[in-house]
Every structure is written in structure tokens, then in C-alpha cells.
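[1] pasted the sequence and its predicted model underneath.
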Amino acid sequence: MDDAILEQAVAIGVKLADHRLIRSSEGNLSLRRDENSFLITPSGSKIHALNQGDFVAVEFDGSHSKNHRPSSEWRFHQDIYRTQGEAQAIIHTHSEYATALACLREDLPAFHYMVAIAGGDRIKCCDYALFGSEELSSNILAALEDRLSRGVAVLCGPSGVGKSSLLNALVPELQLRTAAVSGKLQRGRHTTRHVELHDLPAGGLLADTPGFNRPELPADPELVAQLFPEIRQQLEAGVRCRFRNCRHLQEPGCGLQRQWERYPSYVELMG
């Protein structure tokens, strides 16, 4: 492997430690070496003190170079590289927030467009298993199913929000036309005139779409409710309200469970 790539990996390791994404010997970093092997940080290593020669070469049959023992988590790195052909590097983080979400068994919802870029409508939390075990590796692969590299995603939003700019950042050779937000109207300019699918370097397709400025909502409140899958799924599951024209706000006898993330947005739209 090119020494410059290993030098970059060492520098990234220092940044991970500086930003407390990996602490001391917790977490690990790996790089695909070729079609049958990868390089991974050694067991018990402190990533902020990593050197290029510290990386351990691991073959897909589990054998490894003798300079150090590989991280105890080498198995799931191996299985990801074997099954996800687009994967070129893996960072196993132990940041405070990632650890808290994992302990609570919580998925990461699509609160930001980069979650969609990572694949799907959320980043899944895999089922628990003993570290370093084959069971944990299987659970991780299950959580990685249906990622963006296996499907199609669509960028949509108001004009000027940065859809084409994001695509340009992901695929620089596209050089899609962009424009600044109008200073007079405080709105984006229509630079994208059609829908087009673009290949992503890591696999999968991402569509750029024309922007919109004033999306129209149905005048009928019942139709607005149907736009929210959190409401629609409860009704389809047989949840019933006392009144047929219930708006699912503060009406007496409303049967819907309201403790879901976007409920405040629904209330605001209905107001």
C-alpha cells in the first residue's frame, strides 16, 4: 500500500483522538489493502501514538502478519470488506454520543441530510453481542443491509438549499451549475431544471431534483395527517379515535400515541 495513504491514516488517527471519537485503546481503524486483505490497528494500541509500521495486515482467512496482534474486533472489519465491495476504510468509534445511543439501543434518525447519504432513512443500531465474536459481526452486517450503495436516494428541498452543491462535493467531476441565494427575494434561484441520477463513487445512485419554494399542503386536515407515516401506520394498525373528524391534536378520545419525534411539526402545520 502507498506510504502516503498510511501517513494519512496515521494523521486521521490523531484527529480521531483529538476529537475524542476514539479514546486511548478504545475503537480501531482499518484500511482495505487489496481484494483479499486489509490493514488494521493492533490490539491495545493507543491510536494517537500510532505509526505506519504498527498496522497489522489481516488476510480474509483470518491469518495476520506477526508484527502485532490485530485489534480484537478484526472479524467485523473483515466481514464488511468481504461483503461491501465499495468499503475502503472503517472507523470503529467509541465517542460519548455513539456509545450512549448504542447502550440505549437507539437508531440514529434522519435529522440531517448526511444520514441519508450514509444510506436509508436512519443509521441502524445493531443487536448486542460479545465484542470480537462472529455473532457481533453478523449483527453488524444485518444493520448495514439496504445502505445507499445498494439503492437509489433522492435529494429534494427548496431552491438554494445546496442540493447540487452537495452532489458536487460528493462527485467533483459533475461540476453541476449552482447559484447564490437571491439577495432581494431571499430565495434560491432555479438552476436545476430536470431530475437526473448520478453514480456515487462508493456505489448507488443519487438523484438531483429541481428545487421548490412554496410547497402546497392539502386543505383537508385529514389528508395532512395521512402525509405523516407515524399517524398513518397507527390508523392502519387499528387505532381508533372517539370522533371520526379527529385532528389528532388535543381532542378528547384521540387514540393516537403522540410521543414521536415529528409530532411538534405536525401540530405546527395543523395550526
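    On my side now, so go ahead. Numbers count the residues shown, from 1 in each chain.

[2] give me every residue that touches A143.
    Contacts for A143 (C-beta atoms under 8 Å, 6 or more residues apart in numbering) come out as 124-127. Every residue, glycine included, has its C-beta placed from N, CA and C.

[3] if we use 10 Å, what do you get?
    If a contact means C-beta atoms under 10 Å, 6 or more residues apart in numbering, then A143 has 107, 123-127 as its contacts.

[4] next one: F55
    By C-beta under 10 Å, 6+ apart, the contact set of F55 is 1, 6, 9-10, 29-31, 33, 38-42, 45, 65, 67-68, 70.

[5] filter these down to the buried ones.
    Buried members of those, scored by 16 or more other C-beta atoms under 10 Å, are 1, 6, 9-10, 29-31, 33, 38-42, 45, 68, 70.

[6] so which of these sits lowest on pLDDT?
    Least confident entry in the buried ones among the contacts of F55, by pLDDT: M1, with 65.

[7] hey, where'd the strands end up in this protein?
    Applying DSSP state E to the chain gives strands spanning 28-34, 37-40, 56-59, 89-92, 108-109, 122-123, 152-155, 196-199, 205-208.

[8] least confident of those strands, on average?
    strand 152-155 (a mean of 71).

[9] quick one: list the elements packing against that strand.
    Strand 152-155 is packed against helix 113-118, helix 163-170, strand 196-199, strand 205-208, with contacts defined by 3 or more C-beta pairs under 10 Å, 6 or more residues apart in numbering; DSSP states H and E.

[10] for D79, find the nearest of these.
    D79 lies closest, by C-beta to C-beta, to one member of the helices and strands packed on strand 152-155: helix 113-118, at 18.7 Å.

[11] closest one of the buried ones among the contacts of F55 to L200?
    L31 (19.9 Å).

[12] thought that closest one was touching I5?
    Yes. Counting by C-beta atoms under 10 Å, I5 is a contact partner of L31 at 6.8 Å.

[13] mind listing the shared neighbours of those two?
    Listed as contacting both L31 and I5 by C-beta under 10 Å, 6+ apart are 39, 88-89.

[14] what's the closest of the residues you listed to L21?
    Out of those, the member with the shortest distance to L21 (by C-beta to C-beta) is A89, at 14.1 Å.
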